[in-house]
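# Sequence and predicted structure are below.
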Amino acid sequence: MKHIFSFLVLLLLIQPLAAQQNVDTKKETRLIFVRHAEKMDDGTRNPHLSDKGKVRANRLASILQEDFDITTIYSTDYYRTMETADPLAEQLGLSVRSYGLQNPDSLMNDILKLHDGEDILIVGHSNTTPNLVNIVLGEPRFEQLDESDYSNIFVVLLREDEFRAFKHLTY
């Protein structure tokens, strides 16, 4: 009887710890949003990255590879966004997935459903990146980025589709 009582006490002590472990093992999804790096001023609608932009794209790749476990990379289908994503994609052996912006709400819902529990990089533009971040945050927190601003990293942490944390970094 004494052993059964000791076992029950031990079970009661362990149960809250096990419940806490279940909470801690919920899947965390981290969405990392960036605007493309500096582009060439060649007068076209689809310029490549400038030399300065290539340096920034490589620096971004180093930062993200060190601090995140990126499993998927999304980019719009423009040279400047694809070239911003390419250095990290090459380092990680990933291909860059192209996305369109016809329905940004649906895009973000699809990404969240497909990549639950993963770290995802999404490369966009001065107007689209803040909009996508706002969609995930559920509020209009950010306006269009200044045309000369290429240094923002927006990180949104979700746990089981619930907003948990947000971090705005520059590099």
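Arrived safely. Small disclaimer: the values here were computed from a predicted structure and weren't measured.
# contacting residues for residue 59?
The contact partners of residue 59, by C-beta atoms under 8 Å, 6 or more residues apart in numbering, come to residue 171. From N, CA and C alone the C-beta is placed, and that goes for glycine too.
# Downstream of the helix or strand of the chain with the lowest mean pLDDT, the next helix or strand is which one?
Per-element confidence for the chain was summarised using mean pLDDT, DSSP states H and E. The lowest value among helices and strands belongs to helix 2-24, with a mean of 42. With elements assigned by DSSP states H and E, the helix or strand that comes after helix 2-24 is strand 28-35.
# in stretch 76-92, what's buried?
For stretch 76-92, the buried set under the neighbour-count rule, 16 or more other C-beta atoms under 10 Å, comprises 76, 78, 80-89, 92.
# Now the two most distant members of those residues.
For the buried residues of stretch 76-92, the farthest-apart pair by C-beta to C-beta is 78 and 92; their separation is 21.0 Å.
# The residue nearest to residue 92 when sequence neighbours are not counted: neighbour count?
Setting aside the residues directly before and after it, residue 92 is nearest to residue 70 in space (C-beta to C-beta, 6 or more residues apart in numbering), at 6.1 Å. Residue 70 sits with 21 neighbouring residues when counted by other C-beta atoms under 10 Å.
# from now on call the first residue 43
That works, and once the first residue is 43, the last one we named lands at residue 112.
# what bridges to residue 112?
Beta bridges link residue 112 to residue 161 when assigned by DSSP bridges.
# thought it was touching residue 164?
No - contact between residue 112 and residue 164 fails when scored by C-beta atoms under 8 Å: they sit 10.6 Å apart.
# what is in contact with those two at once?
Here residue 112 and residue 164 share the contacting residues residue 74, scored by C-beta under 8 Å, 6+ apart.
# Would you mind listing the outside residues contacting the helix or strand harbouring residue 151?
Applying DSSP H and E as the criterion places residue 151 in helix 146-156. In this structure, residues lying in contact with helix 146-156 by C-beta under 8 Å, 6+ apart are 71, 73, 114, 116, 141-143, 162, 164, 170, 173-174, 177-178, 200, 203.
# Check stretch 183-198 too.
The set of residues that contact stretch 183-198 without belonging to it, under C-beta under 8 Å, 6+ apart, is 72-80, 95, 98, 102, 105, 168-169, 171-172, 175-176, 178-179, 205, 207-213.
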